[in-house]
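Trainee: Sequence and predicted structure, then a few things I'm wondering about:
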Amino acid sequence: MNPLHYPLLVCYHGDDEISVLKDAVSLQQFLLQSHFFISSDDRFIDSTGAAWALDTNTNLRYTGSDWTVAQLTVRVQQHYAAQANCCSAKIAAADIPSLIQLVENSATD
């Protein structure tokens, strides 16, 4: 079983917005507050690129797939575009933790 590596990105199925969860406490708070709008199609991407999904007991389970920097870059670009940030196509980073940091920074801009 793969361990979960924080921080996480929450990629909502059918939506370009992304959320950042910094640690286990923020994950638990998020799940308690948002269980009604998280679907099994949403993905939690950890800082290694591992994809996680909620099971029927609201526990995260590893999906068996990993996201690449290129795949996650496209998703982060879509997130920036949804926020009406110009030049979202220029968004890039060398690794997944840096992409997560970009999303976290976009929430505070």
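Mentor: Nice, thanks for sending it over.

Trainee: gap between stretch 20-35 and the chain center?
Mentor: 12 Å (C-alpha atoms, centre = their mean, to the nearest Å).

Trainee: who touches it?
Mentor: Contact with stretch 20-35 is made by 6-10, 19, 38, 44, 54, 58, 60, 100, 103-104, 107, as judged by C-beta atoms under 8 Å, 6 or more residues apart in numbering. C-beta coordinates here come from the backbone N, C-alpha and C atoms, glycine included.

Trainee: Go again with 7 Å.
Mentor: Y6, P7, L8, L9, V10, T58, I100, V103, E104, A107 (C-beta atoms under 7 Å, 6 or more residues apart in numbering).

Trainee: With stretch 99-109 instead?
Mentor: Taking C-beta under 7 Å, 6+ apart as the rule, stretch 99-109 contacts 7, 9, 18, 20, 47, 72-73, 76, 79-80, 83, 91, 93.

Trainee: quick revisit: buried subset of the contacts of stretch 20-35?
Mentor: Buried by 16 or more other C-beta atoms under 10 Å: P7, L8, L9, V10, I100, V103, E104, out of those.

Trainee: Specify the local secondary structure of the fifth one.
Mentor: At I100 the chain is in helix, as set by DSSP: H, G, I helix; E, B strand; the rest coil.

Trainee: circling back to that earlier point, derive a PyMOL selection command for the buried subset of the contacts of stretch 99-109.
Mentor: Per 16+ other C-beta under 10 Å, the buried members of these correspond to this PyMOL selection:
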select buried, resi 7+9+18+20+47+72+73+76+79+80+91
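
Trainee: Which members of the contacts of stretch 99-109 are the farthest-apart pair?
Mentor: The distance between the two most remote of the contacts of stretch 99-109 (C-beta to C-beta) is 21.8 Å, for S47 and Q83.

Trainee: Give me the average confidence score over stretch 97-109.
Mentor: If you average the pLDDT over stretch 97-109, you get 83.

Trainee: ugh, typo on my part, it should be stretch 41-60
Mentor: Mean pLDDT, stretch 41-60: 92.
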